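Undergrad: Here is the input, now give the coordinates:
(one chain, ligands or ions: 2)
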Amino acid sequence: MKTEKLAKALRVHSGKHFRLKDFDPAFTGHWRSREQAERALLESIARMAELQDKLYAQDRWAVLLIFQAMDAAGKDGIIKHVMSGVNPQGCQVYSFKSPSDLELQHDFLWRTTHCLPERGHIGIFNRSYYEEVLVVRVHPEFLKNEKTPESLIGKNLWEQRFEDIRCFERHMARSGTVIRKFFLNVSKKEQKRRFLARLEEPEKNWKFSAADIRERGYWDDYQKAYEDMIANTASEHAPWYVVPADNKWFTRLVVSTVIVATLESLDLAYPKVDGAKRKELEAAKRILLSK
Ligand code: ATP
Ligand code: MG
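TA: Ligands and ions are numbered 1, 2, ... in the order given. Take a look at the predicted model:
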């Protein structure tokens, strides 16, 4: 199967029949060797750079890439590797951690909203407003910190959050922001292996946080929250990709393939030079040549 087809198979654009257990974190399709996949990744990154240049020059579409995952699934590595070829000027990366006091004074979409990518740019969210239906859902006591009036916290709260997210994404799509969402699907076993490496290898010690082990204790609750989140917020215009994350080389290849396919699906082109502009260019050339 071609990588584009593989990526399509990992795409969820409707919640109907979606079950997380149908997606194997160790899946690598027809790719058997890391070397082969890394070569394809380099080609894909080069293509992405060409397309990003047009995206920027055309200045019409914005692209928002959202990454959500359990700890150690490889979000940071993906962002570093996959985006390594693109012009930093046309790319904005934001990480969303525990909300600040100021952020808690606002609704849950506020802090991400003013980080949305400008037209012509690729915006990357390392975590996002989806934390509201993940970590906050797994730890409902966080709702208290958010200071939402109690009378608004009813049994339909999560349904309402999903609806708000769907409406928000539809609005963004209708305004020209193309949204692609990635859930890096790592297995519990592989997460354990990566945590142990963080504990045992000195150069990885800094990555370890005691909170990671604590959250691992809620593994099943998180899996349920992810499944429900994907089922309720997958759409044609803002699909989720459930990316197998036990092999980093495969994760990176899939993500870059999706980004390239997304950019290719847009009508990207360098702006056409009209008559007046052409005259301006010719005049400038004459001036330069005359001196
Ligand atoms: P890394 O571990 O790779 O450095 P990270 O994204 O895991 O990156 P951390 O500082 O370890 O960063 O964790 C951020 C924490 O903030 C996560 O546990 C996440 O669930 C939490 N968080 C993010 N958004 C919210 C939110 N809206 N409410 C409460 N907690 C949140
Ligand atoms: Mg972390």
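Undergrad: Which parts of the stretch 101-250 of the chain are strands?
TA: Remark: strands assigned in the stretch 101-250 of the chain by DSSP state E, counting those that start in this stretch are 122-126, 177-185, 240-244.
Undergrad: contacting residues for L134?
TA: If you count contacts by Cβ atoms under 8 Å, 6 or more residues apart in numbering, L134 has them with Q68, Y222, A225, Y226, M229. Glycine gets a C-beta too; all of them are placed from N, C-alpha and C.
Undergrad: Tell me how far it lies from ligand 1.
TA: 7 Å (Cβ to the nearest ligand atom, to the nearest Å).
Undergrad: For the stretch 151-291 of the chain, just list every one of the helices.
TA: 157-174, 188-200, 210-216, 219-233, 248-264, 275-290 (DSSP state H, counting those that start in this stretch).
Undergrad: Now mean pLDDT and mean neighbour count too, for the ones you listed, in a markdown table please.
TA: Shown next, in a markdown table, are the helices of the stretch 151-291 of the chain (pLDDT from 0 to 100; neighbours: other Cβ atoms under 10 Å):
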| stretch | mean pLDDT | mean neighbour count |
| --- | --- | --- |
| helix 157-174 | 98 | 15 |
| helix 188-200 | 96 | 14 |
| helix 210-216 | 94 | 13 |
| helix 219-233 | 98 | 18 |
| helix 248-264 | 96 | 23 |
| helix 275-290 | 94 | 9 |
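Undergrad: So which of these is nearest R19?
TA: Between R19 and those, the tightest spacing by Cβ to Cβ is seen for helix 219-233, at 7.0 Å.
Undergrad: Mean neighbour count, the strands of the stretch 101-250 of the chain: which tops it?
TA: Of all the strands of the stretch 101-250 of the chain, strand 240-244 carries the top mean neighbour count, a mean of 24, counting by mean count of other Cβ atoms under 10 Å.
Undergrad: Please name every helix or strand in contact with that one.
TA: Using 3 or more Cβ pairs under 8 Å, 6 or more residues apart in numbering; DSSP states H and E, the elements in contact with strand 240-244 are strand 11-12, strand 177-185, helix 219-233, helix 248-264.
Undergrad: what's in contact with the first one?
TA: Pointing back at strand 11-12 there. F18, I230, A234, P239, W240, Y241, V242, V258.
Undergrad: which among those gets closest to ligand 1?
TA: Lowest distance from ligand 1 to those (Cβ to the nearest ligand atom) belongs to I230, with 16.8 Å.
Undergrad: Can you give me every residue that contacts the closest one?
TA: V12, G15, F18, L20, F183, W240, V242.
Undergrad: so which of the strands of the stretch 101-250 of the chain comes closest to ligand 1?
TA: Among the strands of the stretch 101-250 of the chain, the nearest to ligand 1 by Cβ to the nearest ligand atom is strand 122-126 (5.9 Å).
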